[in-house]
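>>> Give me a 3D structure for the following:
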Amino acid sequence: MPKHIFVTGGVASSLGKGLTASSLGRLLKLRGYRVTMQKLDPYINVDPGTMNPFEHGEVFVTDDGGETDLDLGHYERYIDEPLTRSSNATTGSIYQAVLNAERRGDYLGRTVQVIPHITDEIKSRIKRLATDDVDIVITEVGGTVGDIEILPFLEAIRQYRFEAGKGNVCYLHVTLVPFIGPSGEQKTKPTQHSVTELRSRGIQPDVIVCRSEAPIGDGVKRKISSLCDLDPEAVINAADARNIYELPLILHDEGLDKVVCDVLRLDGEINLGPLQALVRKVEAATKPTRIGLIGKYISLPDAYLSVVESLKHAGFHHGAKVEIDWIQAEDVEDLLGVGRLSDLDGMVIPGGFGQRGIEGKIAAAKYARENAIPCLGICLGMQVMTIEYGRNVLGLTDANSTEFDTATPHPVIALMHDQRDVSDMGGTMRLGAYYAVLQPDSKAHAAYGEPVVSERHRHRWEFNNSYRNRFEAEGDFRISGVSPDRRLVEFIELNSHPYWVGTQAHPEFKSRPDRAHPLFRDLIAASLVRSEGRNPKLIDVDAVSVDVDVDGVTAIRSDTDGVSISAA
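So this is what the prediction gives:
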């Protein structure tokens with residue numbers, strides 16, 4: 001029978017419950033246990049798929065097409081396990097399931113109530129993950145203790161220990177220990193109140209993780225221990241870390257995984273070697289490279305969380321410290337003459353929906369193409385690269401996507417797959433994992449090192465097949481990856497460019513801190529070449545040798561696969 005860990009939060013939001021839960025999952029995996037994770041979200045939306053990125057940050061997509069909370073990205077990056085749509089449940093989806101059951105007559109005419117029907121449905125979502133293939137299920141409850149909307153979730157997890165047995169459930173509460181400047185003290189009162197509120201709901205935490213700006217002293221720990229009825233060893237401090245990938249080591253040094261294993265009656269030694277190696281690699285990433293992120297939602301960086309982490313992972317791989325220049329897409333055309341874009345070593349044009357900022361993204365793609373700036377286009381980014389090339393190289397005046405201009409004379413991007421009821425905005429996209437067949441000797445194939453790849457998708461519009469021959473006939477533009485039936489374009493690139501690559505997929509969802517995604521890895525490799533290209537010398541970027549002359553990049557030669565990438 002799998003063990004369960006429930007993670008709650010108190011005092012304030014954004015304390016890092018997801019990172020704490022993810023770090024614990026990583027530590028338990030290093031102890032040899034099979035771990036999976038789940039997020040219970042209290043908002044009434046059925047899923048985050050239709051929510052504005054300014055409201056909720058990025059939508060993380062799973063292999064089976066689930067549109068989920070961004071915390072699932074943290075989970076996957078830390079425990080390195082593919083999750084499913086079952087790993088995210090919202091109040092909206094739970095009530096929807098209960099109401100559908102009521103309409104079918106499943107409750108035989110009885111009154112439908114929060115207890116037991118809603119709480120039973122919440123417990124059923126938790127039990128879905130408790131399969132024979134899993135040893136430990138970690139469930140994070142979104143929101144903050146004291147919020148009215150999380151009460152059914154707290155009641156459900158309270159009941160869960162009674163049903164599963166005391167040794168099979170551990171409650172972990174993340175709280176805040178603030179520092180009050182005038183008094184020069186770290187205050188425990190917010191933690192006390194938060195735990196009191198949690199206990200009023202019938203839950204006594206087994207572990208308290210105290211977030212703080214600076215490390216807390218033993219006296220503070222003893223005070224929290226005494227007032228919250230916990231052993232001092234069960235009060236864990238998570239002070240601000242230098243980087244988020246150091247957090248598991250900090251929590252291990254504080255004894256978190258040992259305390260949890262004691263509560264759940266688990267044993268086993270831990271192998272910290274892989275985690276220590278990762279932290280050393282992160283700390284060794286010092287070579288500077290500047291990447292422009294051309295986005296529509298840059299005022300909320302969480303809207304591009306997985307893209308940012310993927311860039312960092314690629315930097316770790318090459319020993320590079322990636323500096324991100326957040327560039328508002330609507331401002332690009334005003335920046336063309338001021339040098340900001342020319343100072344970039346590389347560029348990412350990420351996904352998105354809607355017309356705002358599109359012309360700026362197109363201008364950025366053009367600037368990267370004409371100035372040999374390495375550029376990776378993701379989903380919408382690939383589409384604007386296609387539009388740009390059609391307009392400015394093929395002479396397709398006013399080429400566009402029918403998403404933005406239904407009357408365009410050259411719909412190089414259009415709806416190509418089955419679009420049924422467009423009133424259901426959550427059900428009309430190509431969602432989840434799809435395979436692509438890569439062309440031999442292409443940049444995409446060189447990056448992946450294999451002929452068939454699987455990536456996650458989230459989009460409605462596609463490269464218009466009616467224009468495929470016109471694009472490829474020009475000679476430089478290359479469709480380097482297509483769906484197995486050859487109906488859908490998945491990858492594009494330029495033969496003559498150091499790295500101008502677009503993909504219809506969202507590769508950022510599969511990048512890992514100790515296994516950078518191939519497309520981001522090669523983007524950073526090419527960007528490092530550009531950053532060093534102002535000085536004539538031969539540099540080494542991991543296993544890639546790069547010849548540079550005073551005019552810029554002339555070739556990239558891989559020592560491992562013999563691929564040669566030429567640049568104009």
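
>>> mind listing the helices for the stretch 1-150 of the chain?
Ranges of helices in the stretch 1-150 of the chain, per DSSP state H, counting those that start in this stretch, are 17-30, 53-56, 71-79, 91-104, 119-128.

>>> gap between Leu108 and Tyr95?
19 Å (CB to CB, to the nearest Å). All C-beta spots, glycine's among them, are computed from the backbone N, C-alpha and C.

>>> Out of the helices of the stretch 1-150 of the chain, flag the one nearest Phe471.
Between Phe471 and the helices of the stretch 1-150 of the chain, the shortest gap by CB to CB is with helix 53-56, which sits at 30.3 Å.

>>> buried ones in the closest one?
Of all the residues in helix 53-56, those buried under the rule 16 or more other CB atoms under 10 Å are Pro53, His56.

>>> Ok, stretch 499-515 next?
So for stretch 499-515, counting by 16+ other CB under 10 Å, buried means 499-511, 513-514.

>>> What is the end-to-end distance of that stretch?
Counting by CA to CA, to the nearest Å, you get 20 Å between the two ends of stretch 499-515.

>>> repeat for stretch 482-492
Stretch 482-492 stretches 9 Å from its first residue to its last (CA to CA).

>>> now stretch 78-91
26 Å.

>>> What average pLDDT does that stretch get?
What stretch 78-91 shows for mean pLDDT is 96.

>>> Are we agreed that Val348 is in a strand?
Yes. If the criterion is DSSP: H, G, I helix; E, B strand; the rest coil, then Val348 is within a strand.

>>> one step back: which one, of the helices of the stretch 1-150 of the chain, ends up nearest to Arg161?
Once the helices of the stretch 1-150 of the chain are compared by CB to CB, helix 119-128 is nearest, at 11.3 Å.

>>> Can you point out the buried residues in that closest one?
Buried residues in helix 119-128, counted by 16+ other CB under 10 Å: Thr119, Glu121, Ile122, Lys123, Arg125, Ile126.

>>> Pull up the gap between the residue nearest to Ala436 when sequence neighbours are not counted and Ser225, please.
Leaving out its chain neighbours, the residue that sits closest to Ala436 by CB to CB, 6 or more residues apart in numbering is Glu490, at 3.8 Å. Counting by CB to CB, the separation of Glu490 from Ser225 is 55 Å.

>>> With neighbour numbers in mind, choose between these two.
Glu490 (26 against 17; other CB atoms under 10 Å).

>>> Is the more buried one in contact with His506, as I believe?
No. Between Glu490 and His506 there is no contact, the gap being 11.8 Å when judged by CB atoms under 8 Å.

>>> what number of residues lie near Ala284?
For Ala284, using other CB under 10 Å, the count is 12.

>>> what do you get for His313?
26.

>>> still on that earlier bit, if we compare the helices of the stretch 1-150 of the chain, which one ends up closest to Ala525?
helix 71-79 (21.1 Å).

>>> quick one: what helix or strand has the residue nearest the centre of the chain in it?
The residue lying closest to the centre of the chain (CA atoms, centre = their mean) is Ser306, at 3.2 Å. Using DSSP states H and E, Ser306 sits within helix 305-318.

>>> In three-state terms, label Glu450 for me.
coil.

>>> Setting the sequence-adjacent residues aside, check what's closest to it.
Leu438 (7.7 Å).

>>> if I read this right, that neighbour contacts Ser454, doesn't it?
No. With contacts defined as CB under 8 Å, Leu438 does not count as touching Ser454, sitting 11.6 Å away.

>>> between these two, which one's more packed in?
Leu438 (22 against 12).

>>> For stretch 66-86, list every residue counted as buried.
By neighbour count with 16+ other CB under 10 Å, stretch 66-86 contains the buried residues 66-80, 83-86.

>>> Then stretch 513-533?
Residues of stretch 513-533 classed as buried: 513-514, 516-533 (neighbour count, 16+ other CB under 10 Å).

>>> That one: how far from the chain's middle?
Remark: stretch 513-533 is offset 19 Å from the chain centroid, using CA atoms, centre = their mean, to the nearest Å.

>>> and that stretch, average pLDDT?
95.

>>> about what we covered before: what about the residue nearest to the centre of the chain, distance to Pro507?
9 Å.

>>> now do Lys223
Taking CB to CB, one finds Lys223 at 48 Å from Pro507.

>>> which residue ranges form the helices in the stretch 451-568 of the chain?
468-473, 518-532.

>>> Relative to Asp345, which of these is closest?
For Asp345, the closest of the helices of the stretch 451-568 of the chain is helix 518-532, at 4.1 Å, according to CB to CB.

>>> could you give the angle of that closest one to helix 305-318?
60 degrees (axes from the mean of the first three to the mean of the last three CA atoms, to 10 degrees).

>>> Can you name the residues that contact Asn100?
Shown in contact with Asn100 (CB atoms under 8 Å, 6 or more residues apart in numbering): no residues.

>>> Could you check the pLDDT of it?
Asn100 is given a pLDDT of 96.

>>> can you check Val553 too?
As predicted, Val553 sits at a pLDDT of 36.
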